[in-house]
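Asks: Here is a sequence with its predicted model. Questions after.
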Amino acid sequence: MGDCMSADKRRDTVLRYNLKRLANFLGLFAKNSKGVVGLIIIAVFACIALFPPLFTPYDPVNQRTLAGDFAAPAWLQSVPSQLGGRPGISYNYNPTLNPDFENSTAPWNISSTDAAHSSIEPVENLGDHTGLVRVGLMHDKGVAYGNVTVSISQDFYYPYAGAPFRFLTRLVFILNGTVTTSSHPEQLVNKTPGAPIVWPAPWYNVTVSRLDVPTKISLYLDSIAVNRSLPMWPFRDQYLYTPQGMYGMAMDGTFVNASQTKVLIGSSETIANASTFGSWVDTDKSFQPIDSFGPVIANYVSSLYGSNKFATQVFFPQEATPGWYRLVLNVTFEDADSSKPVSSVVYVDTFNMRLMGTGWGIMGTDQEGRDLWSQLVYGARISLYVGVLSSILAVVLGLVVGLMAGYLGKVVDEFLMRVCDVLLVLPGLPLLIVLVAVLGTNVNNLIILLGLLGWMGFARLIRSQVISIRERPFVEAAKAVGAGKTHIMIRHILPNVMSLVYVTLATTVPGNIVAEASLGFLGFTDPNRMSWGLMLYNLQQFSAFQNWWWVIPPGLCIGAVAISFIMFGYALDEVLNPRLRLRR
């Protein structure tokens, strides 16, 4: 009973002693202004790294086209142009909504060249799609109405003095109607990839399905102020193929893609999926997106206004902004068949437009319209993750090697120090570049490499301290009572070098953060994990050095984190080293 009470009392005494030492340490550290400032900066960046969604809602890598490419910070509009401001900045603007006539707050204008024989009406839902517009034409045998065009348009006011950087338009629709099917012989060549071409090609009966009422769907953007019209997207369903061996015969005699329906679009020989007939079509997925930088619009603009002009420059000139514009959807039924009852119906679901601005957020956007502020926030996570973990690995390796070399001596010391010397003479950054290029640009690979290549200097420092400590009386006393080598290194020598461990750990982090940023700047980093180095790499890849709001913040953050760890490390050295503390 007495032994138990004595043990509890000893534990309480040790606990009080350790708490008192901690309190003294904190008191001394609080008096060191450099250490306090460094710790505050580290705590701020640690908070940003641990909880980035608190500071930004956007994904720094995958969330693209938030605004125009290379957009400037929005607050630059309030800065005078003499000081580098951008008074002509434009912002994102979404003028249109889905054509839901019952719920839409934006007015849609509807017209038809033959209102008596065409129909247009709102539809509450069709399967999973809601808020649609149904446009159709049908007639009985003996009647044909010719070309009938139904227009759905919306006027909108563009409120900014500067032109948008880009516009994107999206249309989702489904086309149905009556079809006439016929067959004809056709000579088909095998187009299976890798298969030999057999000539003369065999003849087959091919089944052809034609829409009784060919239907054309077109989108236009009209600039009312300068009287210009831009055809943004034409869709024409001329005839549908349901071929027997559309791509010819394979060598074993089986049909290739025989069951796959195809549709020929427009007057060219472009082949696309015939899901355009009887299935939903999304222009963002089924076709090339309707983009002001896309080839269709770009070729049209360059043919009329020159190859150095962009659609946004032509249709949003300074004299027309701010001003009124019109977005038009035309559905044209080419009704020429009076031999039987025919019909063609188009259901329009999504029909909208996005104008991407030249200004965005706190720091603007990068070359893909991604938020630079989000990249800066998430970059803190990668930089601290790499810097801290690689420093811990390097310090642990250096501590183990230094303890073993300093205390065991002789052959162990000689071998470990020669290995250390060999690694010390190797050029650090070139070796890292080669190893990262071979092993892959994975963040964990980089942490391991930085740790394995950063322990040598600390190992030599620990070795010199251990050589001095092992000759002291308390170590000799431990040997005299029969303590083993491992026990002496862990229980007697290690506590006497721990102050070096803390200080070295704090001062090693900046170097590893800079190394990660250097590799990132050179392109040797994971492109799916945003870091400050990757931000600078993207910057120099696209020569955006004039965008100072992109250049300066990553550099400042790298410098701030590095300086804060150095200040924290020096403060620890002053507090834990009595001689330095007395000298100051």
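Replies: In hand now; what should we look at?

Asks: Following the chain onward from the helix or strand containing residue 386, which element is next?
Replies: Using DSSP states H and E, residue 386 sits within helix 372-408. Next along the chain after helix 372-408, taking DSSP H and E as the criterion, comes helix 410-425.

Asks: That following helix packs against which elements?
Replies: Here helix 410-425 touches helix 372-408, helix 456-469, going by 3 or more CB pairs under 8 Å, 6 or more residues apart in numbering; DSSP states H and E. Backbone N, C-alpha and C define where each C-beta goes, glycine included.

Asks: by how many degrees do that helix and helix 456-469 diverge?
Replies: 150 degrees (axes from the mean of the first three to the mean of the last three CA atoms, to 10 degrees).

Asks: Give me the buried positions along the helix holding residue 386.
Replies: Buried residues in helix 372-408, counting neighbours by 16 or more other CB atoms under 10 Å, are found at 372-391, 393-395, 397-399, 401-407.

Asks: residues in contact with residue 288?
Replies: Contacts for residue 288 (CB atoms under 8 Å, 6 or more residues apart in numbering) come out as 294-296.

Asks: at 7 Å what do you get?
Replies: Contacts for residue 288 (CB atoms under 7 Å, 6 or more residues apart in numbering) come out as residue 294.

Asks: Same question for the one 3 residues further on.
Replies: Applying CB under 7 Å, 6+ apart, we find residue 291 in contact with residue 168.

Asks: likewise residue 111?
Replies: Neighbouring residues of residue 111 by CB under 7 Å, 6+ apart: residue 151.

Asks: Just the element for it, please.
Replies: Following DSSP H and E, one finds residue 111 within strand 109-112.

Asks: next one: residue 343
Replies: Following DSSP H and E, the helix or strand that holds residue 343 is strand 342-356.

Asks: For stretch 70-86, buried residues please.
Replies: Of the residues in stretch 70-86, 70-77, 86 count as buried by neighbour count, 16+ other CB under 10 Å.

Asks: Alpha carbons of it, as CSV, please.
Replies: Taking Å, rounded to 0.1, in the frame of the first residue of the first chain, the C-alpha atoms of stretch 70-86 are listed here in CSV:
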residue,chain,number,x,y,z
PHE,A,70,-7.2,35.7,-67.5
ALA,A,71,-10.0,37.8,-65.8
ALA,A,72,-8.8,40.7,-63.6
PRO,A,73,-9.8,41.1,-60.0
ALA,A,74,-13.2,42.8,-59.7
TRP,A,75,-12.0,45.5,-57.3
LEU,A,76,-9.7,46.9,-60.0
GLN,A,77,-12.7,48.6,-61.5
SER,A,78,-12.6,51.0,-58.6
VAL,A,79,-8.9,51.8,-59.1
PRO,A,80,-8.0,54.8,-61.4
SER,A,81,-6.6,53.7,-64.7
GLN,A,82,-3.5,55.8,-64.0
LEU,A,83,-2.7,53.4,-61.0
GLY,A,84,-3.3,50.3,-63.1
GLY,A,85,-7.1,50.0,-62.7
ARG,A,86,-9.5,48.5,-65.2
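
Asks: That stretch: how far from the chain's middle?
Replies: In terms of CA atoms, centre = their mean, to the nearest Å, the centre of stretch 70-86 is set 25 Å apart from its chain centre.

Asks: neighbouring strands for the strand holding residue 111, and are they parallel or not?
Replies: The pairing partners recorded for strand 109-112 under DSSP bridges are strand 146-158 (antiparallel).

Asks: how about the strand it pairs with: buried residues?
Replies: Across strand 146-158, burial judged by 16+ other CB under 10 Å covers 148-156, 158.

Asks: Now do that strand against strand 342-356, angle only.
Replies: 20 degrees.

Asks: After strand 146-158, which helix or strand is next? Please name it.
Replies: Next in sequence after strand 146-158, counting helices and strands by DSSP H and E, comes strand 166-177.
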